[in-house]
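In: sharing a model prediction with you, sequence too.
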Amino acid sequence: KETPCIKGFSIGTLHDTIIIRYAHAHASASIMTSLGDKRITGNMIIVSCHNDSLTVAICVSFYLKVSDMVYCAVMSCTNNSNRNSYTFNLNCRYFRFPRLTHICDEWVRVCNKKRKFKVENSRICSEHFVESDYRLKEKLQNYPRHLWCLKNDAIPSVNLPKLNESEDESLDTCKYQDERSQDSSQDQIASESKISTMEESSQHSCKDCITFKSAILKQNVELELIKKKLTKVEEESEALKSRLAQKTAELQLMDNNFLNQNKELEMVNAKLIKAERESETDRRMLAKKTAELQLVEKIFTNGQLRKLKSTSSRILWRVEDIASSISLFSAGPRSYRLLRKRGYPLPGLSTLRRWAEKIDVKPGILTIILRLMENNSLSKMDKACVVLFDEMKIQAGFEYERKSDTTLSPSKYVQVIMARGLFGNWKQPIFYDFDCKITKELLFEIIKNLEHIGYPVYAINSDLGGSNRGLWTSLNISENKTWFENPATKKNIYVFADAPHMIKLLRNHFIDTGFLLNGKIVNTKPIVELLENNKNLDLRISHKIDESFLTVKGPQRQKVKLATKLFSHTI
């Protein structure tokens, strides 16, 4: 009959023979008896005895091969790497003895073995080291525990045997450990087979029961291992409870902080809503004032606005303020004085005189005017301009200039060149001279000066006087080529004839000779007949013209109004 014993064993009896069966194929076994013969066959141990009262104490140890299994060298520690062993610990690691002599000697001392052993083939498990014995590098990098490395000076300090144990117990334990080491060096692989025959023998019975301390020691080791695991579990439980309490306190603190922050955010949100409403109100008021200011800026200059806002009677006028005031004064001195009397923000007449005295307006290119134009804050589009030039007859006579203390000789006419905005509503004289003709070189110099200060020139305009026709010829202007190259930018500048002058020439030709249009003569004859028929009528058809429009002579021919009325569709 077989009876299960420890894990992997079964014990049976057959007549006077004891049979121990073990299921580990890669293991070796040793049996110790006081009497009788023993025989190991396959995975069985057979003990023969001659007396039924014979009691046999058996100590069976199983090890892996030396090259495959590792045991802890500390006395009374049963940890090993045999996965089939009941003392196998998956989380246990085994460390080699250190190379430093004094550290290695200390490791040997704490093993508490009476016999000498080879430290090269021995190991000590991780159960005998504390956490501070491991290097800090692997801990900080969150390495798994089985990858931690010991410090160079680490010494086993926990779960060690007492150094003052009785000599007898130490001897038995060392004997037990030595037997395990001897068995581990054997490399016996037995295959499971059935016993074909069983030897039957008889032996004299033994009256005394021999028990070995090894079985008791094994139970003590198992109990100690259970106690260690229980202590470890209790420590981990206490640590987890402590961490749980700490985390609970942290969560409570975070909850309180969250509530406080939520209240603060609600207050800040309310303030933001209030500030947004106030900002919206201010924005509307600002937009309203900006619209009003834009309307005022269309009428007044910046200096005039400062005059309106300031309570002081004195103010520093800028160049654009003076220039605007001079233009207004030139339109009518009496109107200018009336506006100042009504409180209109304008500089005084003495201020205009002092400013005019500082301007150097000698004949030629007005350099100071060009500098003022350069400092103007017009946009690039508004600075696009057209150059106009024409001559005007003046009264001949001597003139005295007080500032330069010189006398100007009599002149017949004055030549004026003006720049006018192509898109912007502005115009500015930039050249004047007496009895002077516009040449190609003078025109190019003026165009270069305008381009230099940022005023691009796109066209020129002049009448068809004799001197101007000579300029057109020098520029190679014809019916097929109405442009010339810009001397500064190499772009085209287009040439246009003066429209009012062309209307006057058309009227003169119409009155003097008439036109030949589609083989028919077009002249003043129909208009003369119309005027003759209207003389005797109370209700005249064309009451806005008379014979004077057809008989213009001398200076009257310079008036554009008489020419435009004659060709007007409404008249």
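Out: Here it is on my side, so go on.

In: hey, let's count contacts and neighbours off CA atoms from now on
Out: Fine.

In: what about dumping the CA coordinates of stretch 285-292 to CSV?
Out: Presented in CSV, the C-alpha positions along stretch 285-292 are these (Å, rounded to 0.1, in the frame of the first residue of the first chain):
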residue,chain,number,x,y,z
MET,A,285,-17.5,105.3,-26.5
LEU,A,286,-14.1,105.2,-28.1
ALA,A,287,-15.5,104.3,-31.5
LYS,A,288,-18.0,107.1,-31.2
LYS,A,289,-15.2,109.6,-30.3
THR,A,290,-13.0,108.2,-33.0
ALA,A,291,-15.7,108.8,-35.6
GLU,A,292,-16.2,112.3,-34.3
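
In: quick check: mean pLDDT of it?
Out: Per-residue pLDDT values over stretch 285-292 give a mean of 86.

In: how far off centre is that stretch?
Out: With C-alpha atoms, centre = their mean, to the nearest Å as the basis, stretch 285-292 stands 36 Å off its chain's centre.

In: can you tell me what sits against it?
Out: Counting by C-alpha atoms under 8 Å, 6 or more residues apart in numbering, stretch 285-292 has no neighbours from elsewhere in the structure.

In: would you map the helices across the stretch 401-550 of the chain?
Out: 440-452, 466-474, 499-512, 525-534 (DSSP state H, counting those that start in this stretch).

In: now the ones you listed as a markdown table including mean pLDDT, distance to Val158 and mean neighbour count?
Out: Shown next, in a markdown table, are these (pLDDT from 0 to 100; distance: least, C-alpha to C-alpha, whole Å; neighbours: other C-alpha atoms under 10 Å):
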| stretch | mean pLDDT | distance to Val158 | mean neighbour count |
| --- | --- | --- | --- |
| helix 440-452 | 94 | 95 | 16 |
| helix 466-474 | 89 | 115 | 14 |
| helix 499-512 | 90 | 116 | 16 |
| helix 525-534 | 84 | 136 | 13 |
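
In: identify whichever of the ones you listed lies nearest to Thr367.
Out: helix 440-452 (9.1 Å; C-alpha to C-alpha).

In: now what about the closest one, what contacts it?
Out: Ile365, Leu370, Pro456, Val457, Leu471, Ser474, Leu475, Asn486, Pro487, Ala488.

In: just the CA atoms of that helix, as CSV, please.
Out: The C-alpha trace of helix 440-452 is given here as CSV (Å, rounded to 0.1, in the frame of the first residue of the first chain):
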residue,chain,number,x,y,z
LYS,A,440,14.9,118.4,-71.6
GLU,A,441,17.8,118.6,-69.1
LEU,A,442,15.8,120.8,-66.7
LEU,A,443,12.8,118.5,-66.9
PHE,A,444,14.9,115.4,-66.2
GLU,A,445,16.5,117.1,-63.2
ILE,A,446,13.2,117.9,-61.7
ILE,A,447,11.9,114.3,-62.3
LYS,A,448,15.0,112.9,-60.6
ASN,A,449,14.5,115.2,-57.5
LEU,A,450,10.9,114.1,-57.2
GLU,A,451,11.8,110.4,-57.5
HIS,A,452,14.5,110.8,-54.9
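
In: how far does it sit from its chain's centre?
Out: 50 Å.

In: run the angle between that helix and helix 466-474 for me.
Out: Angle of helix 440-452 versus helix 466-474, following axes from the mean of the first three to the mean of the last three C-alpha atoms, to 10 degrees, is 80 degrees.

In: ok, back up a step: could you redo the helices of the stretch 401-550 of the chain as JSON lines and give each row distance to Arg284?
Out: Output for the helices of the stretch 401-550 of the chain, formatted as JSON lines (distance: least, C-alpha to C-alpha, whole Å):
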{"stretch": "helix 440-452", "distance to Arg284": "43"}
{"stretch": "helix 466-474", "distance to Arg284": "58"}
{"stretch": "helix 499-512", "distance to Arg284": "49"}
{"stretch": "helix 525-534", "distance to Arg284": "64"}
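
In: and Tyr400, helix, strand or coil?
Out: strand (DSSP: H, G, I helix; E, B strand; the rest coil).

In: am I right that it is in contact with Thr406?
Out: Yes: using C-alpha atoms under 8 Å, Tyr400 is in contact with Thr406, at 5.9 Å.

In: pLDDT weak spots in this protein?
Out: Along the chain, the model assigns pLDDT under 70 to residues 1-68, 163-216, 571.

In: all helices of it, in order?
Out: Shown for the chain, the helices assigned by DSSP state H span residues 101-111, 136-140, 167-184, 213-297, 302-309, 319-331, 333-341, 349-358, 367-374, 440-452, 466-474, 499-512, 525-534, 560-566.

In: buried residues in the last one?
Out: Taking 16 or more other C-alpha atoms under 10 Å as the basis for neighbour counts, the residues of helix 560-566 that come out buried are Val560, Leu562, Ala563, Leu566.

In: tabulate those (a markdown table), appending distance to Gly421.
Out: Below are these laid out as a markdown table (distance: C-alpha to C-alpha, whole Å):
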| residue | distance to Gly421 |
| --- | --- |
| Val560 | 23 |
| Leu562 | 28 |
| Ala563 | 27 |
| Leu566 | 31 |
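
In: now, the most widely separated pair of these?
Out: Spanning the widest gap among the buried residues of helix 560-566 are Val560 and Leu566, at 10.2 Å by C-alpha to C-alpha.

In: give the ChimeraX command for selecting the buried subset of the contacts of helix 440-452.
Out: This is how ChimeraX selects the buried members of those, with burial counted by 16+ other C-alpha under 10 Å:
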select :365,370,456,457,471,475,486,488
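
In: of all the contacts of helix 440-452, which two lie farthest apart?
Out: Leu370 and Ser474 (26.6 Å).
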